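# Here is the input, now give the coordinates:
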Amino acid sequence: MPIQLGDISLDPPVFLAPMAGITDLPYRKLVASFGAGLVVSEMVASQDMVNAKPAARAKAELGFGIAASAVQLAGRDPHWMGEAARMAEAEGARIIDINMGCPAKKVTSGSGAGACGAALLRDLSHARAVLEAVTRAVAVPVTLKMRLGWDDACENAPQVARMAQDLGIAMLTVHGRTRAQFYKGHANWQAIRAFREVVDIPLIANGDIVDAQSATRAMAQSGANGVMVGRGAQGRPWVLRDIAAGLSGQTRADAPKGAALFQIIARHYEDMLSFYGNTLGAKVARKHLGWYLDAAGVGDAPRRAVLTTDDPEQVLRLLRAALTDEHGQTGCAA
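Residues are numbered from 1 along each chain as shown. Here you go, the predicted structure:
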């Protein structure tokens, strides 16, 4: 079932999670091309965005033709969060997402954006102020991404969720871990059901969702209306399409192989070079190329050759050789 946020229909209810250093514009465009219901930008520090720091503006850039796209903002100061939300809306953002889930020490400890992300789950008054500032600043839908709590002793996360709904948050995404867990262990989808019991707005389950089977279990255990995929999409930008097919009972398309897989990777690689420039783009691309090659089962030697080459034309030649034989068919599992 599509999720409706105002006049925006998010269909299918399978979304790409914001991931620092990963969900930049080239990657969001690629994942969106496979039919994701929503793609979310990297976390953007609100004050940096308002002060027009180039790196922050690049993270938030939406790109033309991506209708279902959100800009995620992080920060502790309500003023800067509200101003950043206004700026993002003015530049075309159709959805603003608030980050109350990032577990990174540089985010939660007070440096950088300043004791924000998951740290706000320990400070209800500050959480309220941030939510109020953003929802009052813009007319577009505002969503919230959070965790189960700061740690197992912190039981106020559902209270934050209910407060968020009362303040006008249009959709809630919950990662099934506490901040103390970071990404260890397994996401507790059953614990997300506590949020379903206190909010009526659309609820999205996040954490360890990698295929249609895990998505189905997550939704059944949590009572969520949809799922958000993070690390499971690394090296597999088409996986959201596959998950959506599984949730709707449709036949899953075959994973790209051989020449088809090469064309996807080459397009993404060239988009990164165009977006960042050749020098920085080559560095940014390495992690993505590594994930693609790992997912495709490429051996150590050709993988190393691709990842230690800086010349773009040579990278593409090596990629083609690693993924196809002379007939253009796969030489490994996709």
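
# what's the burial count for residue 311?
Using other CB atoms under 10 Å, residue 311 has 11 other residues around it. Glycine gets a C-beta too; all of them are placed from N, C-alpha and C.

# Repeat that for the one 3 residues further on.
Using other CB under 10 Å, residue 314 has 12 neighbouring residues.

# do you know how far it is from residue 74?
38 Å (CB to CB, to the nearest Å).

# How about residue 8?
Taken as CB to CB, the span from residue 8 to residue 74 is 22 Å.

# if you count what's nearby, which of those two comes out ahead?
Shown here are residue 8 and residue 74; by other CB under 10 Å, residue 74 has more neighbours (30 against 18).

# What distance do you get for the more buried one to residue 307?
Residue 74 is 30 Å from residue 307, where distance means CB to CB.

# and what of residue 79?
43 Å.

# so where do the helices sit in the stretch 1-150 of the chain?
25-33, 46-50, 54-60, 78-90, 105-108, 124-137 (DSSP state H, counting those that start in this stretch).

# Which one of the ones you listed lies nearest to residue 175?
Residue 175 lies closest to helix 105-108 among these, at 14.1 Å (CB to CB).

# roughly how far is the closest one from the heart of the chain?
Taking CA atoms, centre = their mean, to the nearest Å, one finds the center of helix 105-108 at 18 Å from the center of the full chain.

# Any buried residues in that helix, and which?
107, 108 (16 or more other CB atoms under 10 Å).

# do the same with stretch 251-260
Neighbour counts using 16+ other CB under 10 Å place 255, 256, 257, 258 of stretch 251-260 among the buried residues.

# Generate a markdown table for those, with secondary structure, pLDDT and distance to residue 292 as supplementary columns.
Formatted as a markdown table, these follow (DSSP: H, G, I helix; E, B strand; the rest coil; pLDDT from 0 to 100; distance: CB to CB, whole Å):
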| residue | secondary structure | pLDDT | distance to residue 292 |
| --- | --- | --- | --- |
| 255 | coil | 88 | 12 |
| 256 | coil | 93 | 10 |
| 257 | coil | 92 | 12 |
| 258 | helix | 94 | 13 |
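
# so which of the residues you listed comes closest to residue 45?
Nearest member of the buried residues of stretch 251-260 to residue 45, counting by CB to CB, is residue 256, at 35.2 Å.

# Need the contact partners of stretch 175-185.
Stretch 175-185 has contacts (CB atoms under 8 Å, 6 or more residues apart in numbering) with 101, 103, 108, 118-119, 121, 145-152, 154, 187-189, 191-192, 205-208, 218, 222, 231.
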